[in-house]
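Enquirer: Below are the sequence and a predicted model; questions follow.
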Amino acid sequence: MSKQFSSLGISAPILKALSELNIVEPTEIQQKTIPLLLTETHDVVGLAKTGTGKTAAFGLPLLQLIDTKSPIVQAVILVPTRELGQQIFRNLEDFGKHIPNISIASTCGGIPIKPQIERLSQPTHIVVATPGRLIDLIQRKAIDLKQAQYLVLDEADEMVSILKESLDEIVAELPKKHRTLLFSATLPGTIKQLIQNYLNKNVVQVSANMETVGNQGIDHEYIVVDPIDKLDVLMHFLNSRDGERGIIFCKTKAAVNKLAKNLAINRFSSGALHGSLSQGIRDRIMEQFREGHINILVATDLAARGIDVKEISYVINYHLPDTYENYVHRSGRTARAGAKGLSLTVLQEEETAEIPEFEKELGIKFTQFQKPSVVSLEENNTLLWAKQIFKTKPNHDISADLKTKVKTVFHHLTKDELIEKLLANYVLQNKVEVTEKPVKKFKK
């Protein structure tokens, strides 16, 4: 392992950390970027899909280039969300744990600023920040960037609107001679404009793994459903992947909340993640997902940015993403670090016309996922009903007298007989509902 990374110019303390982290082989973006950052002085644009190791591509050389004897901020890494900032901060700490006296700080929004100000009063070499919080710290004169040599814009395509408003103010604080390293999964026109405005005209562009979304390990599939069956089809899929971890993407916060509520009712191990939740709740949900205490995350696009969790088996696009870039970022949450994964898009019939456009634009191929039969969906709903009963906690407010009377009713039934009767009752009730609804509709 060390020979491969050492051949890129990585130093012994970092090689030791990589070995302990079981990071064995440099990815394409790492192989192309690391020597460039260590030996050249150009600005760099790095293009690679999510899950291809961009953090290490800029993080490893930055850690090596830091002068730990100088207690000043030497590198600033800007990110679109606190979740991504925390992920990068943790990665850098892991990569740099054998570098004596290296000091890294996370100063992202969404949490109180006072502890961050106190942290920055101590020697700090690398700052990971969201643009808004960094500007706040600059305005409070809590951070000095006058000698910072490196500015990293990570996931730049997700920060375009923020950077348009804030980059001038941040760049004004940096010395005139500094290196800008821009990393992105896509290169829309707005990013090209940023490159023209803020990077040196001799900028070097590095591309890796751009021929497919993420990597060859992702199976891109779609399933066509009627709106009325959408939730049932989703729960059928989730039941078939019981115990596996996945992320379900919705377009809006309201849709995330509604779907998460339905999953909770049906006793799926899930949590919701969107921008209107407090940072404390978002952190708690993310930690539960990362630690495996919940298996399913229902999220909006931006809230899910920065989720670098291994063993995510599948990603579900419960709503078709608005842009090709969003599809790239969504699907890139699975099949990380060489693993296999599924990106499943749930469509209505009229949306299938968009599939060829996604294929053409992204250079991928979709296959159709087999829709479960009506009988299979009904059986799945019956199993979900049984799980609801199994996981229902006893109600201790019910009087002992009533419990005794109910027990008397069932007294002569065996367990098998009780289950048979419960099942028959469930099927009868649901058949009644199915036949009643069209009648009510017809009367209107």
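Expert: Great, that's in hand. Numbering: from 1, shown residues only.
Enquirer: What's the local residue count around residue 241?
Expert: Residue 241: 15 surrounding residues under other Cβ atoms under 10 Å. C-betas here are computed from N, CA, C, even on glycine.
Enquirer: For residue 243, which non-adjacent residue is spatially closest?
Expert: Among residues not flanking residue 243 along the chain, residue 295 sits closest, at 6.8 Å (Cβ to Cβ, 6 or more residues apart in numbering).
Enquirer: can you tell me which residues contact the one you found?
Expert: Residue 295 makes contact with 243, 244, 245, 246, 268, 269, 270 under the criterion Cβ atoms under 8 Å, 6 or more residues apart in numbering.
Enquirer: I'd like the distance between residue 57 and residue 350.
Expert: 41 Å (Cβ to Cβ, to the nearest Å).
Enquirer: Revised request: answer the last question for residue 172.
Expert: Residue 172 is 49 Å from residue 350, by Cβ to Cβ.
Enquirer: Also residue 207?
Expert: When residue 207 is compared with residue 350 (using Cβ to Cβ), they lie 35 Å apart.
Enquirer: How about residue 134?
Expert: Distance from residue 134 to residue 350, counting by Cβ to Cβ: 44 Å.
Enquirer: Who has more neighbours out of the two?
Expert: Between residue 134 and residue 350, residue 134 has the larger neighbour count (other Cβ under 10 Å), namely 23 against 8.
Enquirer: So which bits of the strand or helix carrying the more buried one are buried?
Expert: Applying DSSP states H and E as the criterion places residue 134 in helix 131-139. Within helix 131-139, the residues that count as buried by 16 or more other Cβ atoms under 10 Å are 131, 133, 134, 135, 136, 137, 138.
Enquirer: check contacts around the closest residue to residue 272 other than its chain neighbours.
Expert: Using Cβ to Cβ, 6+ apart and skipping the chain neighbours, the partner closest in space to residue 272 is residue 260 (3.7 Å). The neighbours of residue 260, taking Cβ under 8 Å, 6+ apart as the test, are 270, 271, 272, 298.
Enquirer: Which stretches in the stretch 51-200 of the chain count as helices?
Expert: For the stretch 51-200 of the chain, applying DSSP state H, counting those that start in this stretch gives helices covering 54-65, 82-95, 114-120, 131-139, 160-171, 189-198.
Enquirer: Quick one: distance of stretch 273-293 to the chain centre.
Expert: For stretch 273-293, the separation from the chain centroid amounts to 11 Å (computed by Cα atoms, centre = their mean, to the nearest Å).
Enquirer: and if you look at stretch 221-238?
Expert: Distance, stretch centre to chain centre, for stretch 221-238: 22 Å (Cα atoms, centre = their mean).
Enquirer: Quick one: end-to-end length of that stretch, please.
Expert: Counting by Cα to Cα, to the nearest Å, you get 15 Å between the two ends of stretch 221-238.
Enquirer: Now that stretch: buried residues?
Expert: Applying 16+ other Cβ under 10 Å to stretch 221-238 flags 221-225, 230-238 as buried.
Enquirer: need those in JSON lines with secondary structure and pLDDT, can you?
Expert: Formatted as JSON lines, the buried residues of stretch 221-238 follow (DSSP: H, G, I helix; E, B strand; the rest coil; pLDDT from 0 to 100):
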{"residue": "221", "secondary structure": "strand", "pLDDT": "94"}
{"residue": "222", "secondary structure": "strand", "pLDDT": "95"}
{"residue": "223", "secondary structure": "strand", "pLDDT": "96"}
{"residue": "224", "secondary structure": "strand", "pLDDT": "95"}
{"residue": "225", "secondary structure": "coil", "pLDDT": "94"}
{"residue": "230", "secondary structure": "helix", "pLDDT": "94"}
{"residue": "231", "secondary structure": "helix", "pLDDT": "94"}
{"residue": "232", "secondary structure": "helix", "pLDDT": "93"}
{"residue": "233", "secondary structure": "helix", "pLDDT": "95"}
{"residue": "234", "secondary structure": "helix", "pLDDT": "95"}
{"residue": "235", "secondary structure": "helix", "pLDDT": "93"}
{"residue": "236", "secondary structure": "helix", "pLDDT": "95"}
{"residue": "237", "secondary structure": "helix", "pLDDT": "95"}
{"residue": "238", "secondary structure": "helix", "pLDDT": "94"}
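Enquirer: can you list the residues you listed in a markdown table and add distance to residue 253?
Expert: As requested, the buried residues of stretch 221-238 are exported to a markdown table (distance: Cβ to Cβ, whole Å):
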| residue | distance to residue 253 |
| --- | --- |
| 221 | 26 |
| 222 | 24 |
| 223 | 24 |
| 224 | 26 |
| 225 | 23 |
| 230 | 19 |
| 231 | 18 |
| 232 | 23 |
| 233 | 23 |
| 234 | 18 |
| 235 | 21 |
| 236 | 25 |
| 237 | 23 |
| 238 | 21 |
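Enquirer: so what pLDDT did residue 338 get?
Expert: pLDDT, residue 338: 63.
Enquirer: I meant residue 396, not that one.
Expert: In this model, residue 396 is scored at 90, pLDDT.
Enquirer: tell me the secondary structure for it?
Expert: Here residue 396 takes the coil state, with states given by DSSP: H, G, I helix; E, B strand; the rest coil.
Enquirer: any idea how far residue 62 is from residue 38?
Expert: Taking Cβ to Cβ, one finds residue 62 at 10 Å from residue 38.
Enquirer: So for those two, which sits in the more crowded spot?
Expert: residue 62 (25 against 16).
Enquirer: Not counting sequence-adjacent ones, nearest residue to the more buried one?
Expert: Closest to residue 62 by Cβ to Cβ, 6+ apart is residue 75, at 5.2 Å.
Enquirer: and the one you found, what does it touch?
Expert: By Cβ under 8 Å, 6+ apart, the neighbours of residue 75 are 62, 65, 66, 125, 126, 127, 148, 149, 150, 151, 152.
Enquirer: burial measure for the last one, as a count.
Expert: When counting by other Cβ under 10 Å, one arrives at 25 neighbours for residue 152.
Enquirer: Next: the one 3 residues further on.
Expert: Applying other Cβ under 10 Å, we find 21 residues neighbouring residue 155.
Enquirer: Residue 166 too?
Expert: Residue 166: 18 surrounding residues under other Cβ under 10 Å.
Enquirer: i'd like the first residue to be 32 from this point on
Expert: Sure, I'll start numbering at 32, so the last one becomes residue 197.
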